[in-house]
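> Here is my input; please provide its structure:
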Amino acid sequence: METERRAFLDDLLSCSTPSGFETTGQRRWLDYVEPYADETRVDAYGNAVAVSEGRDDAPSIAVAGHGDEIGLMVRDITDDGFVKLTRIGGSDRTVTRGQHVTVHTDDGALDGVIGQVAIHLRDSGDDEYNEIAEQYVDIGVEDGEEAEDRVDIGDPITLTTRVTDLADDRVAARGMDNRVGIWTAAETFRRAVQADAKATVYAVSTVQEEVGLKGAQMIGFDLEPDAVVAVDVTHATDQPESPGDKGSGVDLGDGPVVARGSANHPAIVEAVRSVGVDAEVDLQLSAAGSRTGTDADAFYTSAGGIPALNLGLPNRYMHTPVEVVDLNDLEAAAELLAAFAARFEEFAPFRTDI
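Predicted structure coming up:
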């Protein structure tokens, strides 16, 4: 990956953007796309859009990722000065104990740790994982009064992690879900603009996907594009502990994943697969018989029905602090979608033949 593109990804991964508190990451994303855009705009809740205007009669395509991540929130403060927790999105109670965290207060970042009883003091066999609501953050203060001077109810909290390069172009970090999706949307946009795509191209970074696809519901009605591709992570099940009955056959490094079924319009599926063949981009397939679990589910029921596709980026260990992706999958996804945008007029409009 080129140095500038990798720096952009690392910048996104360094931001803390739990659902409802996405501002820092949205600003960094806009900084990247603005030089290539005819217009950028942000709505009342922070959904960010970059626009490259096509010809007057040109169709329009949106490429979207969600800019929010899972997290935690201050639910209560005890008399002893410990911070009680609630979830933001689907935070995993099995990976939060014993972690460094950052409490994002109005006065700035505050360090803390999520306590874990030492193994020496736990009863033998007592290794059940407490619910998030039963866990707590220790910020080091003496009592509740001192804690209340530093922390407010409702302050968001994120795990404190770093970006780590592994072997063979693989990278581990918190929040790959879905920084890699908004990276792909932005990079697709840049490449489509430089390829002089004739269609109107929107790049979108939505908010609050992790709490119910809320941002996509808002922005779908606003844009009403002729088609939308929602780029999100999908489970790579090529690690040893993947349940056999939930295996997807998706491997890291084997290319982006085209979902089929439910929200995924058959004509877009066919078009993207054909573009992949012509561009010599390897693709994987996944089955979405009922739902994709991504913004595609909100987009395709907006504004009377927007033809949609969920393009997945293989990701190991989703919703943990050590999500792993292969940079080659990101590059391939941006190449594929930029080629699709450049040829979009060949395929639009999308209809179902009956």
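> Where does the prediction get shaky in the stretch 51-200 of the chain?
124-126 (pLDDT under 70).
> So which other helices or strands are in contact with the strand or helix carrying residue 205?
Per DSSP states H and E, residue 205 falls inside strand 200-206. With contacts taken as 3 or more Cβ pairs under 8 Å, 6 or more residues apart in numbering; DSSP states H and E, strand 200-206 sits against helix 23-33, strand 48-52, strand 60-66, helix 176-194, helix 214-223. Where you see a C-beta, it was placed from the backbone N, CA and C, and this is true even at glycine.
> quick check: angle from that strand to helix 23-33?
160 degrees (axes from the mean of the first three to the mean of the last three Cα atoms, to 10 degrees).
> Give the partner strands of strand 200-206 in its sheet and their orientations.
The strands beside strand 200-206 in its sheet (DSSP bridges) come out as strand 48-52 (antiparallel), strand 60-66 (parallel).
> buried residues in whichever helix or strand comes after the longest one?
By that I understand strand 60-66. Per DSSP H and E, the first helix or strand lying C-terminal to strand 60-66 is strand 71-77. Buried positions in strand 71-77, judged by neighbour count with 16 or more other Cβ atoms under 10 Å: 71, 72, 73, 74, 77.
> Which strands and helices lie in contact with whatever helix or strand comes next after strand 71-77?
Heading C-terminal from strand 71-77, the first helix or strand you meet, by DSSP H and E, is strand 83-88. For strand 83-88, the elements it packs on are strand 71-77, strand 136-138, strand 156-159, judged by 3+ Cβ pairs under 8 Å, 6+ apart.
> the domain parsing of the protein - what is it?
3-69+174-347, 71-159 (automatic domain parsing).
> tell me the angle of the strand holding residue 205 relative to helix 176-194?
Strand 200-206 and helix 176-194 are oriented at 160 degrees to each other (the same axes, to 10 degrees).
> coming back round to it: JSON lines please, covering the helices and strands packed on strand 83-88 and showing distance to residue 189.
JSON lines is the format used below for these (distance: least, Cβ to Cβ, whole Å):
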{"stretch": "strand 71-77", "distance to residue 189": "27"}
{"stretch": "strand 136-138", "distance to residue 189": "38"}
{"stretch": "strand 156-159", "distance to residue 189": "27"}
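> nearest to residue 340, of the ones you listed?
Comparing the helices and strands packed on strand 83-88 against residue 340 with Cβ to Cβ, the closest turns out to be strand 71-77 (32.7 Å).
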